[in-house]
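*Asks:* Curious how this folds, go ahead:
(one chain, ligands or ions: 1)
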Amino acid sequence: MKKINVGIIGFGNVGSGVVKILQERNSLLSQKVGLGIQVKRISDIDLLSKRNVRIDKNILTKDALDIINDPQIDIVAELIGGIHPAKEYILGALKKGKNIVTANKALLALHGKELFASASDCGKNIYFEASVGAGIPIIKSLKEGLVANRFSNIYGIVNGTSNFILSQMSNNNCSFNEALKEAKAKGFAEKDPTLDIEGIDSAHKLVILTYLCFGKLISLDDVYIEGVSRISLADINYAKELNLCVKLLAIAKKDGDSLGARVHPTLIPNEHMLASVDEVNNAIYVSSDLAGNLLFYGPGAGQLSAASAVVSDIVDLTNDIKAGLFRSTLNIIPDKSIKRLSKIDEIQSRYYIRLMALDKPGVLAKISGILSKFGISIASVTQKERRKTQSVPIVMIIHEAKEKNLREALQIIDRLDIIKEKSVAIRMEKA
Ligand code: HSE
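*Replies:* Next up, the predicted model:
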């Protein structure tokens, strides 16, 4: 049986998972595609660490160029992550006539334009199923299964680490720092968790989802980004009393002729489908005009889950190679009704607001007076405690308001002498 040769750059957690699956499911995969799939070479700068897979040591190399320059290798899987040298490896491999599989969402979000253009120039494809939601087949579903649809919005819980932290805080009544410690102990959070907890990883994934749904390869700068690191246990608990829960949502939404992309903690009703997505799970909720509202749910990280997606890309490319034809699988057609990208200032949302105010007559009147000057209407208000000398939490839900107006009103409120801490405002989404 003719064989397709795969080169794997990066023999870490996902890389070794891919090798394991290609070994253990080799016969199944060969039967499915009618071609053998062989791992011909693996490169990694660290060849000493133990991996949970047995391989012939002769196929290992420290130098990725041994893979890129090997004329017998058909498919290169880039699994090292980061921007450099991953980008150079992919560009080099494309020029050498190889198809690419990558799980590298940061690289695609930041340099996708150049990489996809180069793939097209070279008559090759870049597949990236593992870049969003690990083993959840969201990329293929958007590209193929939903090809005839137009989309109006996407709501994604696409960062398992943040979702784990929020779930821990909510279920175990613990602080952000305690939850982060637990995430690190369980191996979910990196030593430096910035990309995850500050919403940047979610934004990378949102750039990719937005490209597939709306045909716009937006820049990361076009995404408003706010992570979970400033969410307090107090707000989670007050929200619970209102039958709401906090999720870090990556949202891309069409509104008339504009498209907005944002990542931020969001309050959703407990009955919302995304409310039950707990722990490290991911979920992507897509509104499409033909297939309706769809929810893609499952583990968004993990060795075999991510490797399952990489292997599916390798199998797809094997089928393409077998068919002997180049078909660009990224036939992105921009949604022409989108004329501009909107800024966060323009969104209309309901908000949860917490103020720390002195407990004395006239305080609420002052606050509501300022809100009303900006056309903001209060839906509910509760004072949480009673203290004579210190500030007390005042929790408000406000009716739909323009973000810009709310920000301006809160700036004025925060400067009042009756207000003792910076206000907290969390956007809300409906069920
Ligand atoms: N760091 C990511 C997360 C997993 O926490 O979801 C890989 O995309």
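*Asks:* Kindly state the pLDDT recorded for Ala425?
*Replies:* Looking at Ala425, its pLDDT reads 98.
*Asks:* Run through the bridge partners of it.
*Replies:* Following DSSP bridges, Ala425 is listed with bridge partners Ile353.
*Asks:* Next up, the contacts around it.
*Replies:* For Ala425, the contact set (Cβ atoms under 8 Å, 6 or more residues apart in numbering) comprises 351-353, 406, 410. The way it works is simple: take the backbone N, C-alpha and C, and place the C-beta from them, glycine included.
*Asks:* how close does it get to Val395?
*Replies:* 11 Å (Cβ to Cβ, to the nearest Å).
*Asks:* How about Gly81?
*Replies:* 41 Å.
*Asks:* ok, those two, which is more surrounded?
*Replies:* Val395 (20 against 15; other Cβ atoms under 10 Å).
*Asks:* unless I'm mixing things up, Lys20 is touching Asn52, no?
*Replies:* Yes. Counting by Cβ atoms under 8 Å, Lys20 does reach Asn52; the two are 6.9 Å apart.
*Asks:* With neighbour numbers in mind, choose between these two.
*Replies:* A side-by-side neighbour count of Lys20 and Asn52, using other Cβ under 10 Å, places Lys20 first with 19 against 10.
*Asks:* following the lengthiest helix in the chain, which helix or strand comes up?
*Replies:* Counting residues, the longest helix in the chain under DSSP state H turns out to be helix 303-323. The helix or strand immediately downstream of helix 303-323 is strand 340-341, counting by DSSP states H and E.
*Asks:* and that following strand, what other elements does it pack with?
*Replies:* strand 258-269 (3 or more Cβ pairs under 8 Å, 6 or more residues apart in numbering; DSSP states H and E).
*Asks:* which bits of this structure sit near the ligand?
*Replies:* Counting by Cβ under 6 Å from any ligand atom, the chain comes close to the ligand at 159-161, 196, 201, 300-301.
*Asks:* Tell me if Ala301 really is in a strand.
*Replies:* No. Secondary structure of Ala301 (DSSP: H, G, I helix; E, B strand; the rest coil): coil, not part of a strand.
*Asks:* That one and Ala134 touch, don't they?
*Replies:* Yes. Ala301 is within contact range of Ala134, at 5.4 Å (criterion: Cβ under 8 Å).
*Asks:* Next up, the contacts around the residue in the stretch 251-400 of the chain that the ligand sits nearest to.
*Replies:* Taking Cβ to the nearest ligand atom as the measure, the point where the stretch 251-400 of the chain comes nearest the ligand is Ala301, at 3.8 Å. Ala301 is in contact with 134, 160-161, 188, 280, 282, counting by Cβ under 8 Å, 6+ apart.
*Asks:* In helices only, show me these.
*Replies:* Short answer: the contacts of Ala301 in helices (DSSP H) are 160-161.
*Asks:* From the contacts of Ala301, which shows the smallest pLDDT?
*Replies:* Among these, pLDDT bottoms out at Phe188, giving 87.
*Asks:* where's Ser152 relative to Pro361, distance?
*Replies:* 47 Å.
*Asks:* Would you mind telling me which of those two has the busier surroundings?
*Replies:* Ser152 (16 against 6).
*Asks:* Remind me which helix or strand the residue lying closest to the more buried one once chain neighbours are set aside belongs to.
*Replies:* Spatial nearest neighbour of Ser152, excluding adjacent residues (Cβ to Cβ, 6 or more residues apart in numbering): Ser287 at 4.8 Å. Secondary structure assignment for Ser287, by DSSP H and E: strand 281-288.
*Asks:* who does that strand pair up with?
*Replies:* Here, using DSSP bridges, strand 281-288 pairs with strand 151-157 (antiparallel), strand 292-299 (antiparallel).
*Asks:* which of the ones you listed is buried the deepest?
*Replies:* Of all those, strand 151-157 has the most neighbours on average by mean count of other Cβ atoms under 10 Å, namely a mean of 23.
*Asks:* Heading C-terminal from the helix or strand where Tyr211 lies, find the next helix or strand.
*Replies:* Element membership of Tyr211 [criterion: DSSP H and E] is helix 200-214. As assigned by DSSP H and E, the chain's next helix or strand after helix 200-214 is strand 223-225.
*Asks:* For that following strand, name the packing helices and strands.
*Replies:* So strand 223-225, by 3+ Cβ pairs under 8 Å, 6+ apart, packs with helix 200-214, strand 258-269.
*Asks:* redo that, cut-off 10 Å
*Replies:* helix 200-214, strand 244-255, strand 258-269 (3 or more Cβ pairs under 10 Å, 6 or more residues apart in numbering; DSSP states H and E).
*Asks:* low pLDDT regions in the stretch 151-300 of the chain?
*Replies:* In the prediction, the stretch 151-300 of the chain carries no residues with pLDDT under 70.
*Asks:* Please repeat the previous calculation with a cut-off of 90.
*Replies:* 187-191 (pLDDT under 90).
*Asks:* Which residues are in contact with the most centrally placed residue in the chain?
*Replies:* Nearest to the geometric centre of the chain sits Ser202, at 3.0 Å (Cα atoms, centre = their mean). Contact analysis of Ser202 by Cβ atoms under 10 Å, 6 or more residues apart in numbering lists 105, 132, 156-159, 161-163, 195-196, 223, 225, 227-228, 248-251, 262-264, 282.
*Asks:* run the last query once more with 6 Å
*Replies:* Taking Cβ atoms under 6 Å, 6 or more residues apart in numbering, we find Ser202 in contact with 158-159, 250, 263.
*Asks:* Kindly report the same for Ala401.
*Replies:* Contacts of Ala401 (Cβ under 6 Å, 6+ apart): Ile376.
*Asks:* host element of it?
*Replies:* strand 391-402.
*Asks:* Neighbouring strands - and their directions - for that strand?
*Replies:* By DSSP bridges, strand 391-402 pairs with strand 348-358 (antiparallel), strand 378-383 (antiparallel).
*Asks:* Report the distance from the last one to the chain centre.
*Replies:* What it means is strand 378-383. 33 Å (Cα atoms, centre = their mean, to the nearest Å).
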